[in-house]
Structures are given as C-alpha cells and as structure tokens.
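K.L.:
After the sequence you'll find the predicted model.
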Amino acid sequence: DAPRDQICLSCHDEYQKTADWLMSQTKHRPQVAIICGSGLGMLADTLKCQDSFAYSDIPGFPQSTVQGHAGRLVFGELKGKTCVCMQGRFHMYEGHSLCKTTFPVRVFKLMGVETLIVTNAAGSLADGLQPGDIMVIKDHVNFPGLVGLNPLCGPNDDKFGPRFPAMSGCYDKGLRCVAMEIAKQLGVASLVQEGVYAMVGGPNFESIAEARLLHRLGVDAVGMSTAPEVVVATHCGLRVFGLSLITNKVVKSYEDSDSVNHEGVLEIGRLRSHTVQQLVTELVSRMEINNNNTNNAV
Ligand SMILES: O=P(O)(O)O[C@@H]1C[C@H](O)[C@@H](CO)O1
C-alpha cells in the first residue's frame, strides 16, 4: 500500500469548500492557472486587477516553506484572460503529502480553470541546455510516481477522472508549438528548446552517479516538482503547458568541482524573469478559451 500519509484523503467536499471560499472572496473566475516555480513568482506581477490571498488564509491550503516561494494566490487579468497564479508551490520534500502538494490543481478545476501552465527551476543534464535557457517540457519522468508516490493513489474520485488515466501527450502539443513560435518572434529562439523533465524527490541535489544515470536514461533536465501537479491536472482533464528555467548544469563529472545551491537557482530566476514573463504572457494571449475564434489560437 502507498504510505498512509500519501493517500489522498481530501474528499471532493474539501476541494469544493476551498473553491467556494475563494469564489466568495473574488469576482474573478479564472480560465488559466499558473504555478510559479522557484524564483519565478514575478509572473503574478503581470496580472491586472489583482485579488491576492496568503496561503495561510485559504482553507485547506498548505504553507510554502521554501525561499523564493512567496505563498500567495493571485487572481487577475492577463491579456484578456482571467488567471490565477500560485506565487509559490508545494513540494514533497517540504513534508507535504502528494495530496496536499497537488490540492490547488483540483480547486482550480472546480473554479472552472481549463488550462494549467506549470513552471519550475531545473538543472540541465543535456549538453545543449545552459543556465538561463528555457526548456519547454515535452514530457516528464515521474520517478516518485514510478515507485507508488503518486497523488492518485488511494480511492479514485470519479468526479475528477478515471481510475487509470493515460499520460501520453499530457503536455499539450498545440501549446508547445505556439510557445516555440513565440520564442522565435520574441527573438529568443536560441534560448528555448523542448526536452524531457525528470522529477526526483529532493531536497538534496543529485549525486554525480545519479546525474550520470539520469543523463543515460535520456533526461534533459531534473527538478523536484511539477510531475505530481501535471498528473492530477491530466487526470481531471486540464490542458497542460510546462516550462523549466534552467538554473544550473548538473555536475556529471568526478573531475568537476562545481556544485549547485539554491541561491544560485534563484539568481538565474531573477536574471531571466522578464523573458519567462514575456513567453507566458504571449502564450496566454493566444489561448483559445471557451471556443473564441482568434488567429493563432490554441
Ligand atoms: O519549485 P521548483 O521545482 O521550481 O524549484 C527547484 C526544485 C527545488 O525546489 C529548488 C532547488 O533549488 O529548485
């Protein structure tokens, strides 16, 4: 059996209670949800007509404990779309159950969100990915999930999705194509490429042997989040787009004296915040919501 604390005991009513509370506090009814990764919380600053709430005030929400994760839920308008932005996400390594780590995704679904944009900071294993680059996530390897640490473990809530959801194509191809087109139009095509993201549990960074194993397995970038949120989002029928800001080269050689730290991760986030903001903003502006017919819409 999955460890008891991983089994999702938040029944439908808990999600609904949180969604109802939020909808009583703001007039915004979001169509797009954005999860901001380490150092990427500034994405929320682009929202207009903001309503924002500290996670500590939101019933059922866990608390963010990681530097670079502000712990605020921000509602607002972005290029004509109503969005909700998580300034700070939850990680398994903080001690949150996977149920709590992914709790906001189902709340967003109940509020009417149709598309989830998930961002993270990640280390590069691929030779062609440098710190400061942006990887559009083509697919993920959910290592914790492969050994049963999965937010869908436990009784399935059929109101959200099937017992055995398919994960092939969970990163929407249409959104990925438009993102690559936007990168060209913004003149940052040289910084942006598609790749495979792997989630490890953390909070330690990888050993050299682990880095070499991941590289051998064909993983392009490694992080400590994102996969659980995407599994739950796919389960309940949200369209998903994900990107990784590459913040460091993962050390793969015993001759290499480099080492990674969280401060360095946050620094790259500050350096690249504008580019990430531009890309996400333009992608949202081109999203087709509720069958509006607009050019280049996806
Ligand atoms: O929250 P994300 O996945 O963006 O942040 C990565 C993983 C760890 O939380 C942190 C380590 O520096 O960066």
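P.N.:
Received, thanks. Numbers count the residues shown, from 1 in each chain.
K.L.:
Ramachandran coordinates for the residue of the stretch 51-200 of the chain at minimum distance from the ligand?
P.N.:
Ranked by Cβ to the nearest ligand atom, the top residue of the stretch 51-200 of the chain for proximity to the ligand is Asn120, at 3.4 Å. Yep, even glycine has a C-beta here, placed from its N, CA and C like the rest. Asn120 adopts backbone torsions of phi -160, psi 170, taken as degrees, to the nearest 10.
K.L.:
Do I have it right that it meets Gly37?
P.N.:
Yes - in this structure Asn120 lies within contact range of Gly37 using Cβ atoms under 8 Å: 3.6 Å.
K.L.:
Spit out the residues that contact the two alike.
P.N.:
Gly223, Ser225, Thr226, Ser244, Leu245 (Cβ atoms under 8 Å, 6 or more residues apart in numbering).
K.L.:
ok, the second one to the ligand distance?
P.N.:
Ser225 sits 3 Å away from the ligand, going by Cβ to the nearest ligand atom, to the nearest Å.
K.L.:
Can you classify the residue lying closest to Leu98 once chain neighbours are set aside as helix, strand or coil?
P.N.:
Once flanking residues are discounted, Leu98 sits nearest to Pro151: 4.0 Å by Cβ to Cβ, 6 or more residues apart in numbering. Classification of Pro151 by DSSP: H, G, I helix; E, B strand; the rest coil places it in coil.
K.L.:
Which residues are in contact with the residue in the stretch 1-150 of the chain that the ligand sits nearest to?
P.N.:
Across the stretch 1-150 of the chain, no residue is closer to the ligand than Gly37, which sits at 2.7 Å (Cβ to the nearest ligand atom). Taking Cβ under 8 Å, 6+ apart, we find Gly37 in contact with Arg89, Val118, Thr119, Asn120, Ala121, Gly223, Ser225, Thr226, Ser244, Leu245, Gly269.
K.L.:
Let me see the mean pLDDT of the helix or strand containing the last one.
P.N.:
With the criterion set as DSSP states H and E, the secondary-structure element containing Gly269 is helix 262-285. Helix 262-285 shows a mean pLDDT of 94 in the predicted model.
K.L.:
what do you get for stretch 123-142?
P.N.:
Stretch 123-142 carries an average pLDDT of 97.
K.L.:
and what of stretch 221-236?
P.N.:
Averaging pLDDT along stretch 221-236 gives 98.
K.L.:
Can you get me the start-to-end distance on that stretch?
P.N.:
Stretch 221-236 has an end-to-end distance of 26 Å (criterion: Cα to Cα, to the nearest Å).
K.L.:
And for stretch 185-198?
P.N.:
End-to-end distance for stretch 185-198: 28 Å, by Cα to Cα.
K.L.:
heads up, I number from 858, so please use that
P.N.:
Will do, 858 is the new start, and the previous item becomes stretch 1042-1055.
K.L.:
In contact with Lys874, which residues?
P.N.:
Lys874 makes contact with Pro916, Gly917, according to Cβ under 8 Å, 6+ apart.
K.L.:
Show the pLDDT at Gly1059.
P.N.:
Taking Gly1059 on its own, its pLDDT is 97.
K.L.:
With adjacent residues omitted, what lies nearest to it?
P.N.:
Nearest to Gly1059 is Met1081, by Cβ to Cβ, 6+ apart, at 3.5 Å.
K.L.:
Identify the residues contacting that neighbour.
P.N.:
Contacts here follow Cβ under 8 Å, 6+ apart; on that basis Met1081 touches His948, Met949, Tyr950, Met1056, Val1057, Gly1058, Gly1059, Pro1060.
K.L.:
what residues are up against the last one?
P.N.:
Just to be clear, that refers to Pro1060. Counting by Cβ under 8 Å, 6+ apart, Pro1060 makes contact with His948, Tyr950, Met1081.
K.L.:
is it true that the first one touches Met1056?
P.N.:
Read it as His948. No - contact criterion Cβ under 8 Å: His948 and Met1056 do not qualify, at 9.8 Å.
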